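In: Pasting the sequence and the predicted coordinates here, then a few questions.
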Amino acid sequence: RPMLTAAAAGAAAAGLGDAVAQGVSWALGVHGSSELDWSARLVRCGCVASFGGLAVGCGGEVWWRALSRYFPGGTYEAGLRFTLDQAVFAPVVLGLAAAAWPLVEGRGVSAARAHVDSDWYHMLGKMWTFWGGASAASYLLAPPQWQPSAAAAAAVLWSAYVSYRLHHPAPEEAEMANASAIDDYLREHRSDRYDVRAGGGDDGPTGSAVDRARDLLSVLSPGR
């Protein structure tokens, strides 16, 4: 059952990669990972694994069968199949992933568009470099019986990088979040008056004004 095997392999690589990405995020304390409970982590891992099984596993199997049918053969045809795979199928799947994660997490269409505009384009070069190097290293250095294991390990590493990158807010998304935080803060305090006199006078700025300025900085830079 090659289709079932491909789906299981794609789901396993994507799920393990996301688990690695979540572990790295938790260890570094980034992306709000410390706020996720285990149920949310498992749901996220399951969603990533499902996408990997369907898009990468089943979709990749159908695509590879078509390539093998139209371009059968040895060395030159194998190189052509790899080139077409990296030039057509892989960018499409990467773009779907960049758009899918923000939507699944409920971050909205604007966040999905921001990830497609930034992450998809910037990850293409890294994808071609990674898989070109991994394929060459596997072909030249690994014995034939170990090449499938090397390809599986490379798939887990790439899935970990993609998951880590796509669950990080895109630059445009972070700017929109900062603007929204500023707007919410100002709306909350729009009726307050700051008694900050030029030069501070004898009393200097009131404590409430300083405290609110610090609060605003903490909203924009929660890690400071």
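Out: Okay, I see it. Keep in mind that this is a model prediction, so the values were computed, not measured. Numbers count the residues shown, from 1 in each chain.
In: Distance of A97 relative to S138?
Out: Per Cβ to Cβ, to the nearest Å, A97 is found 23 Å from S138. For glycine as for every other residue, the C-beta is placed from the backbone atoms N, C-alpha and C.
In: go on, Q22?
Out: Taken as Cβ to Cβ, the span from Q22 to S138 is 27 Å.
In: Next: G46.
Out: 29 Å.
In: Between the two, tell me which one has more neighbours.
Out: Remark: of G46 and S138, S138 carries more neighbours, 19 against 13, as counted by other Cβ atoms under 10 Å.
In: tell me the contacts of the closest residue to A55 other than its chain neighbours?
Out: Residue nearest to A55 in three dimensions, not counting chain neighbours: V93, with 5.1 Å by Cβ to Cβ, 6 or more residues apart in numbering. Taking Cβ atoms under 8 Å, 6 or more residues apart in numbering, we find V93 in contact with A55, V56, G59, G60.
In: Rebuild these as CSV, extending it with pLDDT.
Out: What follows is these, written out as CSV (pLDDT from 0 to 100):
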residue, pLDDT
A55, 94
V56, 94
G59, 95
G60, 94
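In: which one of those is nearest A154?
Out: Closest approach between the contacts of V93 and A154, by Cβ to Cβ: V56, at 12.8 Å.
In: Next, count neighbours for the closest one.
Out: A count of nearby residues for V56, using other Cβ under 10 Å, gives 24.
In: which residues does the residue nearest the centre of the chain contact?
Out: Residue closest to the mean C-alpha point of the chain, counted by Cα atoms, centre = their mean, is L166 at 1.6 Å. Taking Cβ under 8 Å, 6+ apart, we find L166 in contact with A97, A98, W101, P102, H115, D119.
In: Just the local confidence number for it, please.
Out: Note for L166: predicted pLDDT of 86.
In: Quick one: mean pLDDT for stretch 75-90?
Out: Summarised as a single mean, pLDDT over stretch 75-90 is 90.
In: ok, for E77, nearest residue in space, not its chain neighbours?
Out: F71 is the one closest to E77 (Cβ to Cβ, 6+ apart), at 4.6 Å.
In: typo on my end, it should be Q22
Out: Closest to Q22 by Cβ to Cβ, 6+ apart is R41, at 5.8 Å.
In: Helix, strand, or coil at V30?
Out: Under DSSP: H, G, I helix; E, B strand; the rest coil, V30 falls in the coil class.
In: wouldn't it be in contact with H168 here?
Out: Yes: applying Cβ atoms under 8 Å as the test, V30 and H168 come out as touching, 7.4 Å apart.
In: ok, which stretches of this protein are helices?
Out: With DSSP state H applied, the chain shows helices at 2-28, 38-51, 59-70, 75-84, 90-104, 109-115, 121-141, 147-166, 171-188, 207-220, listed in chain order.
In: What helices and strands are in contact with the second one?
Out: Just to be clear, that refers to helix 38-51. Using 3 or more Cβ pairs under 8 Å, 6 or more residues apart in numbering; DSSP states H and E, the elements in contact with helix 38-51 are helix 2-28, helix 90-104.
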